Every structure is written in structure tokens, then in C-alpha cells.
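> Next one to model:
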Amino acid sequence: MKIIGIGKNYVNEVSEISALKTGAQTIFTKPESSLVHGNSDINFPKITSQLAYEVELVAKIGKRGKAILLNEAIS
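Predicted structure coming up:
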């Protein structure tokens with residue numbers, strides 16, 4: 001499974017606000033191993049004293065597709 005993210009909807013500091021105004025989007029990938037299923041715990045190294053996190057919503061598309069015609073897209 002490929003997990004591809006598109007977006008730029010948050011900022012970490014004031015200097016990043018101008019990037020939001022340009023309309024430029026960030027495209028990124030996530031490994032399938034980054035998914036948490038069934039309300040599972042998230043494991044992180046014990047040496048970590050601060051854990052920064054964010055949440056991504058994943059919509060899984062059940063079929064493969066490429067160059068799909070508009071009138072076939074709903075199927």
C-alpha cells in the first residue's frame with residue numbers, strides 16, 4: 001500500500017506563515033508501518049523525553065487505478 005499525503009495546513013513558527021499564503025502544497029509519503037490500527041498504543045524509544053506528534057487521516061482506496069475516465073471514477 002502507498003500512503004501519499006498532500007497538504008500544508010499548519011505552522012511551527014511565525015516565519016512559516018508566509019508559506020501558507022503562497023498556496024504551495026507539500027507532498028509526502030508515510031510508510032505503511034506508521035499506521036495505528038484498532039486504537040493500538042504508539043510505541044516510541046524509551047530514551048525519548050519529548051514526543052512531538054501529529055495525526056493524519058488516511059482514506060484507503062480499495063482498487064488500483066491509473067488514467068481512470070471520469071465516467072468510470074465512481075466504480
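> can you give me the helices in this protein?
17-21 (DSSP state H).
> just for it, where's the confidence low?
8-11, 16, 19-20, 23-24 (pLDDT under 70).
> Residue 35 - how many residues pack around it?
By the criterion of other CB atoms under 10 Å, residue 35 has 13 neighbours. In short, each C-beta sits where N, CA and C put it, glycine included.
> which ones are touching it?
Applying CB atoms under 8 Å, 6 or more residues apart in numbering, we find residue 35 in contact with 3, 58.
> go with 7 Å
Residues in contact with residue 35 (CB atoms under 7 Å, 6 or more residues apart in numbering) are residue 58.
> do the same with residue 6
25, 27.
> Which positions are bridged to it in the beta structure?
With DSSP bridges as the criterion, residue 6 is bridged to residue 27.
> Against residue 21, how distant is it?
18 Å (CB to CB, to the nearest Å).
> try residue 64
Taking CB to CB, one finds residue 64 at 36 Å from residue 21.
> Please enumerate the strands of this protein.
Assigned by DSSP state E, the chain shows strands spanning 3-7, 26-30.
> how about those strands, which one is nearest residue 73?
strand 3-7 (17.7 Å; CB to CB).
> got the buried residues for that closest one?
For strand 3-7, a neighbour-count test (16 or more other CB atoms under 10 Å) marks nothing as buried.
> That one: how far from the chain's middle?
In this view, strand 3-7 has its centroid 5 Å away from the chain centroid, taken as CA atoms, centre = their mean, to the nearest Å.
> and the angle from that strand to strand 26-30?
If you take axes from the mean of the first three to the mean of the last three CA atoms, to 10 degrees, strand 3-7 sits at 150 degrees to strand 26-30.
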